[in-house]
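> sequence plus predicted model, see below.
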Amino acid sequence: MSSTPRASDAAAVQMPLIEARDLRVAFQMQRGVFQAIRGVSFSLGQEKLAIVGESGSGKSTVGRAIMRLNPPSAIVTAERLAFKDVDLLSASRKELRRLRGRHISMIMQDPKYSLNPVATVGEQIAEAYRTHHKVSNREARERALTMLEAVQIRSPKRVYDLYPHQVSGGMGQRIMIAMMLISDPEVLIADEPTSALDVTVRLQILAILDDMVKERGLGMIFISHDLNLVRSFCDRVIIMYAGRIVETVAAADLDNVQHPYSRGLLNSLPRLDQKRDRLPVIQRDDSWLEAV
Amino acid sequence: MTAISVKNLSIVFGEDENETKVLDAVSFDVEKGEVFGLVGESGSGKSTVLRCIAGLYTHWTGEILIDGQPVGAQLTKERCRKIQMVFQDPYGSLHPKHTVQTTLAAPLRIHGIGDSDRRITEVLRDVGLAPHLRFRYPHQLSGGQRQRVAIARALILRPFILLLDEPTSALDVSVQAEVLNVLSDIRDREGLTYLLVSHDLAVIGHMCRRLAVMQQGLIEEVVDYADLSGSRAQKAYSRMLFDASHHYDRSMANDITAARQAGGGTVHGA
């Protein structure tokens, strides 16, 4: 480490890992076009950025749009949608395949449905590495074992030969994390990675993600519906409603949100520390559907 | 007055070397009109307790007393009228090819109760469903509306105990608030007794004064929610469960990992 960083290093620090400007995703339906994402702008640095919202708010669609994993019926447009200096909208399919898994990885909610049921978990992790690196089977296996250890699996050699149905939900999610991080990506998109897990297991998985983000300097987009969780886990929070961002706040300021929807969402949550007779119900306002 | 009294409830699944004791001498009492919570992680046996009381499992041992009367393992019509259950998944618990009307009329027909038209109208009003939804199919309803139908189906026989198995965990927080309010209103009006299973301690804290913390088929302790939230719970496991649902904390994660490695999967002791 030299004390005077080179100019290119300084530029790399300033360039966001992901930049989205006026991102729009529409779905071609039988009757007309449905606008799922209606002008979303944000940038991601080396941080933990949460996207929260209710079902149908478009939070997962944003994650998929970055990976360009939307179905063919989706029409994705943006003023700019980029990973560093790579324009994701004009990138060829070949280029996207090179990016996915290698530079941008994604962890889904339920490991039961995202792991291949007829291959051992070790083979699947090794395959993720071999897809992007020309190495022998033996080296890929070694890498996979090291990665299993990094996600705190105690007997990696035994777990390597297990099939997905033989592992618990918490271990399945560790395996997913191992698979997604083995190629050393720069951006990790985690779509509700702990929603299917018990609280104590959830805490351990979050600790692993937290360490990985810190050690490897990752940028992480953490998609969640759990406001209490993102408050203590993430750095910044984007709140989405009906395909738009209604508010972006520092996680520490989550209690001081201004938008009536954000306030309503927080108020409707049962609190661990105070007892209320009734929970306030969100009174939705049509004006929230317009730009803010 | 005790509405539900469970004494030494045990249940075993599997045979020979696969034998697993899912509940091990579980005991607790629920007062009439109380909302009593059951919390614990997956596999702790909290839903199994409900399923034994509801009569969905019949090979349990021990005693279950409802209103002071012991109930047998077999399900009787009288027991169904007294005790009803609401399940977690509003998508899976309603018959996809039956309208709301058909779903709600079935319990009345089975129990030979007439006047079904008026009772369906009343129960829909009680759970806050508009009358025009009566002839809809489940796929034409939102998740929150479906869960209201499931609650209406449980209420239509006018039971005095409702067993609620994660009734709002499949719902968005704003919809969860509406459904929890409906449950509170009905209890205030009808004086029902609820046994509420949830993994969400904030929901338990909102609804219950007392709760039982379960781990691996055992009741760790029965505790007042005020004591649990004030870190005055007796057992380390209960305090840890509460703290873990509160927020993310790196050092707490380390403690759990250490405890798991030392204790072979469970956190014991005070």
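Received, thanks.
> give me every residue in the stretch 151-270 of chain B lying close to chain A.
B:172-174, B:176-178, B:180-181, B:184, B:199-203, B:205-206, B:229, B:240-242, B:244-250, B:252-254, B:256-257, B:261, B:267 (CB under 8 Å from any CB of the partner chain). C-beta: built from backbone N, CA, C; applies to glycine.
> how about the residues of the stretch 1-150 of chain A near chain B?
A:E54, A:S55.
> what's the following helix or strand after the lowest-mean-pLDDT helix or strand in chain A?
The weakest-scoring helix or strand in chain A, judged by mean pLDDT, DSSP states H and E, is helix A:7-14 (a mean of 50). Under the assignment DSSP states H and E, the closest C-terminal helix or strand after helix A:7-14 is strand A:18-28.
> please, where are all the strands along chain B?
Taking DSSP state E to define them, one finds strands in chain B at B:2-13, B:20-31, B:35-39, B:61-66, B:69-70, B:83-86, B:161-165, B:193-197, B:210-215, B:218-224.
> returning to what we had before: mind giving me the ChimeraX command for buried ones among the residues of the stretch 151-270 of chain B next to chain A?
A single ChimeraX command is used to select the members of those judged buried by 16 or more other CB atoms under 10 Å in any protein chain shown:
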select /B:172,173,174,176,177,178,180,181,184,199,200,201,202,203,205,206,229,240,241,242,244,245,246,248,249,252,253,256,257,267
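> residue 98: neighbour count?
As the question left the chain open, I've gone with chain A. 15 (other CB atoms under 10 Å in any protein chain shown).
> switch to chain B, please.
14.
> quick check, it in contact with B:H139.
No: taking CB atoms under 8 Å as the definition, B:H98 is not a contact partner of B:H139, at 11.4 Å.
> which residues are in contact with the residue in the stretch 1-150 of chain B positioned nearest to chain A?
In the stretch 1-150 of chain B, the residue that lies nearest chain A is B:E41 (4.0 Å; CB to the nearest CB). Counting by CB atoms under 8 Å, 6 or more residues apart in numbering or on different chains, B:E41 touches A:D198, A:V199, A:T200, A:V201, B:H199, B:Q215, B:L241.
> which of those residues has the most neighbours?
Neighbour-wise, the contacts of B:E41 (other CB under 10 Å) top out at B:L241, 27 neighbours.
> so that residue touches A:T200, yeah?
Yes: assessed by CB under 8 Å, B:L241 is found in contact with A:T200 at 7.3 Å.
> and B:L38, how far from B:D16?
30 Å (CB to CB, to the nearest Å).
> looking at those two, which is more packed in?
Counted by other CB under 10 Å, B:L38 and B:D16 do not tie: B:L38 has more neighbours, with 26 against 5.
> partner residues bridging the more buried one?
B:L38 has these beta-bridge partners by DSSP bridges: B:V197, B:A212.
> who's in contact with the residue of the stretch 51-200 of chain B found nearest chain A?
Residue nearest to chain A within the stretch 51-200 of chain B: B:A177 (3.7 Å; CB to the nearest CB). By CB under 8 Å, 6+ apart, B:A177 lies in contact with A:S268, A:L269, A:P270, A:L279, A:P280, A:V281, A:I282.
> three-state assignment of the fifth one?
Here A:P280 is recorded as coil under DSSP: H, G, I helix; E, B strand; the rest coil.
> ignoring the adjacent residues along the chain, who's closest to it?
Ranked by CB to CB, 6 or more residues apart in numbering or on different chains and with sequence neighbours excluded, the top spatial neighbour of A:P280 is A:N267, at 4.6 Å.
> show me the contacts for residue 163.
Picking chain A for this. Applying CB under 8 Å, 6+ apart to A:Y163 gives the contacts A:P117, A:V118, A:A119, A:T120, A:V121.
> other chain: chain B
B:L50, B:I53, B:A54, B:I83, B:Q84, B:M85, B:V86, B:Y194, B:L195, B:V197.
> 10 Å instead, please
B:4, B:38, B:47, B:49-51, B:53-54, B:56, B:83-87, B:154, B:193-197 (CB atoms under 10 Å, 6 or more residues apart in numbering or on different chains).
> could you do B:D188 as well?
A:D277, B:G33.
> A:D277 versus that one, what's the distance?
Counting by CB to CB - B:D188 and A:D277 are separated by 9 Å.
> does chain B sit close to the helix or strand containing A:V237?
Assigned by DSSP H and E, A:V237 belongs to strand A:236-241. No: judged by CB under 10 Å from any CB of the partner chain, strand A:236-241 stays clear of chain B, getting no closer than 10.7 Å.
> so how far is that strand from its chain's centroid?
In terms of CA atoms, centre = their mean, to the nearest Å, the centre of strand A:236-241 is found 13 Å from the chain centre.
> neighbouring strands - and their directions - for that strand?
strand A:48-52 (parallel), strand A:244-250 (antiparallel).
> how about A:M220, secondary structure?
strand.
> partner residues bridging it?
Where A:M220 sits in a bridge, its partners, by DSSP bridges, are A:K48, A:L188.
> for A:M15, see how far away it is.
Counting by CB to CB, the gap from A:M220 to A:M15 is 17 Å.
> quick one, which of those two is more surrounded?
A:M220 (25 against 13).
> quick one: the more buried one and A:V187 touch, right?
Yes: look at A:M220 against A:V187 with CB atoms under 10 Å: they come within range, at 7.5 Å.
> helices of the stretch 51-200 of chain A, residue ranges please.
A:59-67, A:93-99, A:111-114, A:121-132, A:137-150, A:156-160, A:169-181, A:199-216 (DSSP state H, counting those that start in this stretch).
> those helices into a markdown table, with extra columns for distance to B:R79?
Listed next are these as a markdown table, based on distance: least, CB to CB, whole Å:
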| stretch | distance to B:R79 |
| --- | --- |
| helix A:59-67 | 43 |
| helix A:93-99 | 60 |
| helix A:111-114 | 36 |
| helix A:121-132 | 46 |
| helix A:137-150 | 50 |
| helix A:156-160 | 46 |
| helix A:169-181 | 34 |
| helix A:199-216 | 34 |
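> now those helices as CSV including distance to A:E290 and mean pLDDT?
What follows is the helices of the stretch 51-200 of chain A, written out as CSV (distance: least, CB to CB, whole Å; pLDDT from 0 to 100):
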stretch, distance to A:E290, mean pLDDT
helix A:59-67, 19, 94
helix A:93-99, 33, 93
helix A:111-114, 36, 83
helix A:121-132, 43, 95
helix A:137-150, 46, 94
helix A:156-160, 51, 94
helix A:169-181, 37, 91
helix A:199-216, 35, 89
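> in JSON lines: the strands of chain B, plus distance to A:K94 and mean pLDDT.
JSON lines is the format used below for the strands of chain B (distance: least, CB to CB, whole Å; pLDDT from 0 to 100):
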{"stretch": "strand B:2-13", "distance to A:K94": "52", "mean pLDDT": "96"}
{"stretch": "strand B:20-31", "distance to A:K94": "51", "mean pLDDT": "95"}
{"stretch": "strand B:35-39", "distance to A:K94": "51", "mean pLDDT": "97"}
{"stretch": "strand B:61-66", "distance to A:K94": "64", "mean pLDDT": "96"}
{"stretch": "strand B:69-70", "distance to A:K94": "71", "mean pLDDT": "93"}
{"stretch": "strand B:83-86", "distance to A:K94": "52", "mean pLDDT": "96"}
{"stretch": "strand B:161-165", "distance to A:K94": "49", "mean pLDDT": "96"}
{"stretch": "strand B:193-197", "distance to A:K94": "51", "mean pLDDT": "97"}
{"stretch": "strand B:210-215", "distance to A:K94": "52", "mean pLDDT": "96"}
{"stretch": "strand B:218-224", "distance to A:K94": "56", "mean pLDDT": "96"}
